[in-house]
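Q: attaching a predicted model along with its sequence, questions to come.
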Amino acid sequence: MKDLFQPGQRKKKGPLRAVALMFLSSFSLLYRLGCGVRVLLYRHGLRRQTKLPSKVISVGNITVGGTGKTPLVIYLTEKLKARGEKVAILTRGYKRKKKEMVELTQHIHRQVKWSDVGDEPYLLARRLSGIPIIVSKNRCASGDYAVGKHGTQTVVLDDGFQHLGLFRDLDVVVIDSVNPFGNGRLLPAGPLREPLTSLKRADVFVLTKTDQGSRKDKLIEILRRHNPKAPIVESMYEVRSIEKVSNGSLIPTSEVENKKVLAFSGIGNPLSFENTLRQLGIQILRHRKFSDHFAYENEDVLELIREAENLGLDLIITTEKDSVRIPLINEPKIPIYVLKIDLKVTSGEEVLLRKVKGKI
């Protein structure tokens with residue numbers, strides 16, 4: 001189990017680490033109990049689900065961190081829009097400052113600070129044209145708002161697997177092929193948000209980064225053990241563009257090959273970012289890793305520039321989600337670029353889209 005759950009992390013545990021893990025595991029037992037009770041309350045009708053007057057497609061996961069939900073949300077909403085459906089995205093806006101409901105669109109997102117709505121909703125609004133993103137902790141209220149104002153036919157519930165209060169027509173669960181379940185422990189001792197037995201609620205599994213993982217067969221075996229019926233879809237990332245942060249100008253991927261680079265990221269899975277850069281032939285001389293959703297200040301960016309200058313590097317590069325959180329600064333001597341990626345389904349796209357359309 002650990003061979004699958006902890007790729008590249010087979011380090012000896014010191015005594016303090018072992019004691020800390022035992023301590024946290026005691027809280028994980030309480031967390032497991034809370035998860036079980038909550039599911040039972042909904043299953044037996046002691047807590048009621050709200051049903052929206054629209055179709056609800058949930059995109060979620062069973063772990064914390066970067067599994068690839070946002071690229072999948074973009075992929076699905078674009079497919080739905082292309083079919084002529086009126087679609088909206090419901091998201092809570094993790095760590096946002098404003099508490100009231102906020103509607104974002106590509107047209108007005110520049111009038112809003114990313115910190116007021118969260119980096120992921122801001123990124124979605126920047127990428128998606130003609131799709132309202134409703135940011136609210138209360139997804140029932142934001143769903144009613146989307147239907148009432150926009151006549152929304154389908155809402156995509158971002159990070160919705162644990163949001164049991166809202167009835168969904170389809171539960172899509174995203175699994176990171178590189179590091180699917182961490183150390184196999186529940187929060188706070190590990191990254192699992194629910195026990196693996198909860199995978200039986202999934203209607204579809206989408207495996208991300210399958211070109212980077214090496215234990216796909218074992219992962220599929222575990223998924224089948226907990227849920228033998230849900231289709232398993234495979235996907236990977238493909239580079240959409242490499243853009244200069246200061247002015248949005250594009251450079252071809254061939255121009256970054258063999259370049260010496262300082263990478264920086266504040267995301268859930270920085271290893272995946274590294275892998276994508278290496279696939280482009282980039283030489284990563286330094287990767288500065290910040291906490292997930294890190295709010296960069298001017299001095300943080302200036303320090304990165306100084307570090308790249310001292311190392312004599314060619315450029316600095318970061319992720320699209322990080323680029324949302326970078327303050328605007330004057331043109332540095334060493335340019336800063338953002339790597340934008342799209343999700344590409346490599347296996348099972350037909351069955352995924354039939355599920356999304358509600359035909360099976």
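A: Nice, thanks for sending it over.
Q: export stretch 226-233 to PDB, keeping only CA atoms.
A: What follows is stretch 226-233, C-alpha atoms only, in PDB (Å, rounded to 0.1, in the frame of the first residue of the first chain):
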ATOM      1  CA  HIS A 226     -14.000   0.000  -3.700                       C
ATOM      2  CA  ASN A 227     -16.100   0.800  -6.700                       C
ATOM      3  CA  PRO A 228     -16.400  -1.900  -9.400                       C
ATOM      4  CA  LYS A 229     -19.000   0.000 -11.500                       C
ATOM      5  CA  ALA A 230     -17.700   3.600 -12.000                       C
ATOM      6  CA  PRO A 231     -15.900   4.100 -15.400                       C
ATOM      7  CA  ILE A 232     -12.200   5.000 -15.200                       C
ATOM      8  CA  VAL A 233     -11.100   7.800 -17.500                       C
END
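Q: run the chain-centre distance for that stretch.
A: When C-alpha coordinates are averaged (C-alpha atoms, centre = their mean, to the nearest Å), stretch 226-233 and its chain have centres 21 Å apart.
Q: please apply the same query to stretch 265-285.
A: That offset, for stretch 265-285, works out to 16 Å (C-alpha atoms, centre = their mean).
Q: show me where the stretch 201-350 of the chain has its helices.
A: 216-226, 270-279, 298-311, 320-324, 349-357 (DSSP state H, counting those that start in this stretch).
Q: can you give me phi and psi for the residue nearest to Gly65 when sequence neighbours are not counted?
A: Nearest residue to Gly65 in three dimensions, chain neighbours excluded: Gly268, at 3.2 Å (C-beta to C-beta, 6 or more residues apart in numbering). In short, each C-beta sits where N, CA and C put it, glycine included. Dihedral angles phi and psi of Gly268 (degrees, to the nearest 10) take the values phi -70, psi -30.
Q: do I have it right that Gly268 meets Asp292?
A: Yes: with contact defined as C-beta atoms under 8 Å, Gly268 reaches Asp292; the gap is 4.9 Å.
Q: which residues are common contacts for these two?
A: 65-66 (C-beta atoms under 8 Å, 6 or more residues apart in numbering).
Q: look at those two and report which has more neighbours.
A: Per other C-beta atoms under 10 Å, whichever of Gly268 and Asp292 has more neighbours is Gly268, with 21 against 18.
Q: contacts only, for that one.
A: Contacts of Gly268 (C-beta under 8 Å, 6+ apart): 64-67, 292.
Q: one more time with 10 Å, if that's ok
A: 61, 63-69, 176, 179, 191, 291-293, 321 (C-beta atoms under 10 Å, 6 or more residues apart in numbering).
Q: also Ser115?
A: 93, 95-98, 122, 293, 295, 324-325.
Q: swap in 8 Å and give it another go.
A: So Ser115 contacts 96-97, 295 (C-beta under 8 Å, 6+ apart).
Q: one more: Tyr237?
A: Taking C-beta under 8 Å, 6+ apart, one finds 68, 71, 208-209, 272, 276, 341-344 in contact with Tyr237.
Q: change it to 7 Å
A: 71, 209, 276, 341, 343 (C-beta atoms under 7 Å, 6 or more residues apart in numbering).
Q: that one bridge partners, please.
A: Beta-bridge pairing of Tyr237 under DSSP bridges involves Leu343.
Q: roughly how far apart are it and Arg215?
A: 18 Å (C-beta to C-beta, to the nearest Å).
Q: now Thr50
A: In this view, Thr50 and Arg215 are 39 Å apart by C-beta to C-beta.
Q: contacts for the helix or strand harbouring Val156 next, please.
A: In this assignment (DSSP states H and E), Val156 forms part of strand 154-158. With C-beta under 7 Å, 6+ apart as the test, strand 154-158 has contacts from 52, 54-59, 69, 73, 76-77, 80, 85, 87-91, 139, 143, 146, 163, 166, 168.
Q: what about 6 Å?
A: Strand 154-158 is contacted by residues 54-58, 73, 76-77, 80, 85, 87-91, 143, 146 when judged by C-beta atoms under 6 Å, 6 or more residues apart in numbering.
Q: just checking: what are the partner strands of that strand?
A: Counting by DSSP bridges, strand 154-158 is paired with strand 55-60 (parallel), strand 87-91 (parallel).
Q: what's the per-residue pLDDT of Met1 here?
A: With respect to pLDDT, Met1 has a value of 43.
Q: so which strand or helix has Ser115?
A: Using DSSP H and E, the element containing Ser115 is helix 114-117.
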